[in-house]
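[1] Structure for this input, please:
(2 chains)
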There are 2 protein chains.
Amino acid sequence: MNDIFLKACRGEPVPYTPVWIMRQAGRYLKQYQKIRKRVDFLTLCKTPELAAQVTIQPIDALGVDAAILFSDILIPAAAMGMELKFSEKKGPVFAKPIRDRASIDKLLIPQPEESLNFVLETIRILRSELSGKVPLIGFSGAPFTMATYMIEGGTSKNFLHTKKMIFQNPDLYKSLMDKVAKTITKYLKAQIDAGAQAIQLFDTWAGVLSPMDYREFALPYVKRVIDGIKSQIPNPKSQNNCVPIIYFVGECSGLLEEIKSCNADVIGIDWRINIDEAIKRLGNNFSVQGNLDPCALFLSRDKIEKRVKELLLRAVFARGHIFNLGHGILPETPEANAIAMVEAVHKYGKKQ
Amino acid sequence: MNDIFLKACRGEPVPYTPVWIMRQAGRYLKQYQKIRKRVDFLTLCKTPELAAQVTIQPIDALGVDAAILFSDILIPAAAMGMELKFSEKKGPVFAKPIRDRASIDKLLIPQPEESLNFVLETIRILRSELSGKVPLIGFSGAPFTMATYMIEGGTSKNFLHTKKMIFQNPDLYKSLMDKVAKTITKYLKAQIDAGAQAIQLFDTWAGVLSPMDYREFALPYVKRVIDGIKSQIPNPKSQNNCVPIIYFVGECSGLLEEIKSCNADVIGIDWRINIDEAIKRLGNNFSVQGNLDPCALFLSRDKIEKRVKELLLRAVFARGHIFNLGHGILPETPEANAIAMVEAVHKYGKKQ
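    Modelled structure (predicted):
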């Protein structure tokens, strides 16, 4: 079994730097596009056999060291009772965004084994099909990021509705976040029970908050989720039971001193900061994941190699380093360049 | 004359912390909306009497300590020969974006006294109408940010066309930047000659670059502009001749160590970093400007006061501090809250 990814998450010695790619099962892969021609995105997420199939595609095509469940960060929000649609142009859309007490009161805290069973079934199929080839990562949106979509109704530029709720009605916001955090905790615990060997929390939009707002309005809920999961694992320190939790924060560079106080095992960082600076500021309690600019995959092969080498060198003092992009891979990315990146990590990431 | 703003830029003692607001002449002001009902945005920019009128509106309505020329960061790009339109939904649009050598070759380096004379005329009117009440800030987009619009054709999510050019054809990119930097230098020098008493370079999008790409593809052109302007001012150290240059960078927090090497007098920072951390990292060669989250103006009056107080306290060790938002004021902002912010700065920013 290739457990190098899990070892790097825990800060144990590894023969080489492991690598996977955020959104590695996606439109930049021809095989993925073939399947998407037949089914829409949400149907794909909800059909365990197909979701498992696309999850595995990049393992074979790219040779990455981890698989990540094919799903969407907003799937748990949909299970809370919100009608979720995906538009090719706008991305995820909630037609009825959350703006008042009544809509929060209506939200469910779903039983994952019921309304989210298709995800758990996907995980079970994957564990059987991967049969130890590489570890399987489960995931969810982090509470703040999920809440922004629920409040805004989709992606946003200024996150004005979210911040208005935070600033003008913090109690309303907090009661929403209570439900969101509970939902995510249960959902991720169920993913672990179904077989997920690591968990990633995506806090893509946390970086739109000032550090002091992040500390009050995003971080406490991340902690609640992480601590909630860890308290339910019999012996989190023993190797067999340790399911590493990766906390990815977009535009993290102003927030690292706050992020440090969470109990994640790995901090995923975007590309807008030098990884050595992030490592220094985070200290030695975390492994780090990242942080190549997704657009760097439009460089020529030899320049991709050069960037990979430089990034590996900058990360050499990390407790553990999992190579990744600083954000999801772009649909326009040439598949060959993604392969070149993975090969370069394996070639130049060998430990002495 | 109220020259407190200029003094704070230079790091001289001031009786209180000066304040102005990025995009302070804008849609959140009822008087501005009245004028915009009659003329479109670009006509307003190009009509000196009207541009001067809206520039002055917030001075009276808000009591800020500086006026900023009403214009757009892309005006010099239009003078280079690119057709610029403003759409209510999409913002600025260049119908024919720059993607190849031929379109770069066609770009002019405009004589400001000719094609940009309406800006210079606005400045001349303003200096006469303001008659020393508050100093007048001139501005331009910084080279990288202006180039992103020229290459993308408008605002962008991933800046893929820009980064593709940078990564795949750096020579092409650099020849574009040569022309852009020359244009901006001449343009800002002409603004100073016409009477601008300080200059702000807006590098709104520089933060989408990794620190190493920023160092190679954005910073050198900023330096060229700043040094180009300063070399043309007879004695930049003497107080009368010193036209402070403010360099504002959006999402600056990963870039401060690079930014430090530019010769600006003031660094403008966004809200995604604590201002005390920015001050510490920038050192004592700069004054700082910022950095309240624009959305904080949706707080109640007493909470705005509290945030202002806290921000002033965090900035107490700066060489000089000019209070501002971390980005342009949002059109939806209640005018009364902008006033409350300015009043709070003047009240709590008094020096002992």
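[2] Quick check, pLDDT for the residue in the stretch 51-200 of chain A that chain B sits nearest to.
    Going by C-beta to the nearest C-beta, chain B is nearest to A:Lys163 of the stretch 51-200 of chain A, at 3.8 Å. C-beta: built from backbone N, CA, C; applies to glycine. As predicted, A:Lys163 sits at a pLDDT of 97.
[3] which residues touch it?
    Shown in contact with A:Lys163 (C-beta atoms under 8 Å, 6 or more residues apart in numbering or on different chains): A:213, B:293, B:295, B:298.
[4] Could you pull out the strands in the stretch 251-352 of chain A for me?
    A:266-269, A:287-292, A:321-325 (DSSP state E, counting those that start in this stretch).
[5] Does stretch A:259-276 reach chain B?
    Yes: shown here: stretch A:259-276 in contact with chain B (C-beta under 8 Å from any C-beta of the partner chain) through A:271-274.
[6] Distance from that stretch to the middle of the chain?
    Relative to the mean C-alpha coordinate of its chain, stretch A:259-276 is positioned 13 Å out (C-alpha atoms, centre = their mean, to the nearest Å).
[7] Just the terminal-to-terminal distance for it.
    Length of stretch A:259-276, first residue to last, C-alpha to C-alpha, to the nearest Å: 16 Å.
[8] Contacts only, for A:Lys133.
    A:Lys133 sits in contact with A:1-2, A:59, where contact means C-beta under 8 Å, 6+ apart.
[9] out of those residues, which is most surrounded?
    Neighbour counts for the contacts of A:Lys133 peak at A:Ile59, which has 22 neighbours (criterion: other C-beta atoms under 10 Å in any protein chain shown).
[10] so that one touches A:Leu130, yeah?
    Yes: using C-beta atoms under 8 Å, A:Ile59 is in contact with A:Leu130, at 7.4 Å.
[11] which neighbours do the two share?
    A:Ala67.
[12] Check the gap between A:Asn158 and A:Lys164 for me.
    Counting by C-beta to C-beta, to the nearest Å, the separation of A:Asn158 from A:Lys164 is 10 Å.
[13] who touches both of the two?
    Common contact partners of A:Asn158 and A:Lys164 (C-beta under 8 Å, 6+ apart): B:Cys295.
[14] closest to B:Ala206 out of the strands of the stretch 251-352 of chain A?
    strand A:287-292 (17.7 Å; C-beta to C-beta).
[15] who does that closest one pair up with?
    strand A:266-269 (parallel), strand A:321-325 (parallel) (DSSP bridges).
[16] Give me whichever of those is most buried.
    Counting by mean count of other C-beta atoms under 10 Å in any protein chain shown, strand A:321-325 has the highest mean neighbour count of the strands paired with strand A:287-292, with a mean of 28.
[17] How about the residues of the stretch 151-300 of chain A by chain B?
    So the stretch 151-300 of chain A meets chain B at A:158-160, A:163-164, A:167-168, A:207-213, A:251, A:253-255, A:257, A:271-274, A:277, A:293-296, A:298-300 (C-beta under 8 Å from any C-beta).
[18] And the buried ones among these, selectable in ChimeraX?
    Selection of buried members from these for ChimeraX, criterion 16 or more other C-beta atoms under 10 Å in any protein chain shown:
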select /A:159,160,163,164,167,207,208,209,210,211,212,213,251,253,254,255,271,272,273,274,277,293,294,295,296,298,299
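[19] how about stretch A:47-59: buried residues?
    A:47-48, A:50-59.
[20] JSON lines for those, including distance to chain B?
    Listed next are those as JSON lines, based on distance: C-beta to the nearest C-beta, whole Å:
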{"residue": "A:Thr47", "distance to chain B": "29"}
{"residue": "A:Pro48", "distance to chain B": "31"}
{"residue": "A:Leu50", "distance to chain B": "27"}
{"residue": "A:Ala51", "distance to chain B": "26"}
{"residue": "A:Ala52", "distance to chain B": "29"}
{"residue": "A:Gln53", "distance to chain B": "28"}
{"residue": "A:Val54", "distance to chain B": "22"}
{"residue": "A:Thr55", "distance to chain B": "24"}
{"residue": "A:Ile56", "distance to chain B": "27"}
{"residue": "A:Gln57", "distance to chain B": "23"}
{"residue": "A:Pro58", "distance to chain B": "20"}
{"residue": "A:Ile59", "distance to chain B": "26"}
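[21] any idea which of the residues of stretch A:259-276 next to chain B is the one closest to A:Thr145?
    Among the residues of stretch A:259-276 next to chain B, and counting by C-beta to C-beta, the member closest to A:Thr145 is A:Arg272, at 17.0 Å.
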